[in-house]
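Visitor: Give me coordinates for this.
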Amino acid sequence: MLKKSILPTLWALFLLFPFMLTAQLSIQMNQIDHEDAMRPSLEIRLEPGTDKVKNAWHDFIKDRYDVKLKGIGFLANKDLMTAEEVTFEALSDKKMNFYTRVVEKDGATRMNVFASFGYDIYLNPSQYPEAWNTLKMITHEFLGSFLPDYYNEGISEVKSSIDNLKDNKKDMQDEMEKNRSEIEKLTKRNEELSKKIAENEAATKAANSDLTQKQDNYSKVKEQLEQLDASRENG
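Guide: Here you go, the predicted structure:
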């Protein structure tokens, strides 16, 4: 986990290991196709999405070095951001063109930073070693500023999601316990009802038997009464 308290160590790693730093980040010199030729550039491979990187880089360059990159902002989101005919005092006292291309490639964001002093005169480590090293330091400074916040934000979001998952789990466990108690009550009630149903069935059987007996008795009494009536009439 990247924290601001380890920024000095992070800077040291950037300076000592200009190539692969972690599985998510690499910095190296590379060539980029620009103006129909391959140009030297500082290439950074990093995890955050292209939009996040472009917006963060645009703001960083503007706030720290008073250079405004075009190609990102309201109604604009280009792969190549440009600042042409500008004075980038940290790099040179001459007018220059400052470029940054940010694209998605092989599942990661590729950020190429390069500059020119005019037609076919591009910043490179052999002819402009001091400016090139400054360009690397500017890039390192940006990464040291941007990446800790990016990862800490992601970590906070995941922690929040974990907390929500834990809360949801507890809610479900509480509901299950409540349901279990209800099931126990309902099971006990069903046992009572089953017993009462059995008693009801026994009482119904006895009542039906009693009904049959009473109906038989009544039939016999009715027959006897009819015989008595007949006997009186004939008497």
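Visitor: Pass me the low-pLDDT residue ranges in the protein, would you?
Guide: 1-24, 235 (pLDDT under 70).
Visitor: Grab the longest helix from it for me.
Guide: helix 129-234 (DSSP state H).
Visitor: which residues are contacting stretch 81-96?
Guide: The contact list for stretch 81-96 (CB atoms under 8 Å, 6 or more residues apart in numbering) reads 54, 57-58, 61, 65, 67-72, 97-102, 115-117, 123, 128, 131, 134-135, 138. Just so you know, the C-beta spots here come from the backbone N, C-alpha and C atoms, and that holds for glycine as well.
Visitor: Restricted to strands, list those.
Guide: Cross-referencing the contacts of stretch 81-96 against strands under DSSP state E gives Lys70, Gly71, Ile72, Asn97, Phe98, Tyr99, Thr100, Arg101, Val102, Ala115, Ser116, Phe117.
Visitor: Enumerate every residue touching the fourth one.
Guide: This means Asn97. Thr82, Ala83, Glu84, Glu85, Val86, Ala115, Ser116, Phe117, Gly118.
Visitor: and if you look at the last one?
Guide: If you count contacts by CB under 8 Å, 6+ apart, Phe117 has them with Ser92, Lys94, Lys95, Met96, Asn97, Leu123.
Visitor: hmm, which two among the ones in strands among the contacts of stretch 81-96 are most spread apart?
Guide: Ile72 and Phe117 (23.6 Å; CB to CB).
Visitor: Test my guess that Arg101 contacts Gly71.
Guide: No: in this structure, Arg101 is not within contact of Gly71 by CB atoms under 8 Å, at 9.5 Å.
Visitor: Of the two, which one has the most company?
Guide: Arg101 (21 against 18; other CB atoms under 10 Å).
Visitor: for the more buried one, what are its contacts?
Guide: When contacts are counted by CB under 8 Å, 6+ apart, Arg101 touches Ile32, Ser41, Asp79, Leu80, Met81, Arg110, Met111, Asn112.
Visitor: Is the fifth one located within a strand, as I assumed?
Guide: Going back to what we said before, that points to Met81. Yes: counting by DSSP: H, G, I helix; E, B strand; the rest coil, Met81 is part of a strand.
Visitor: What's the local residue count around it?
Guide: Quick note: Met81 (other CB under 10 Å) scores 23 neighbours.
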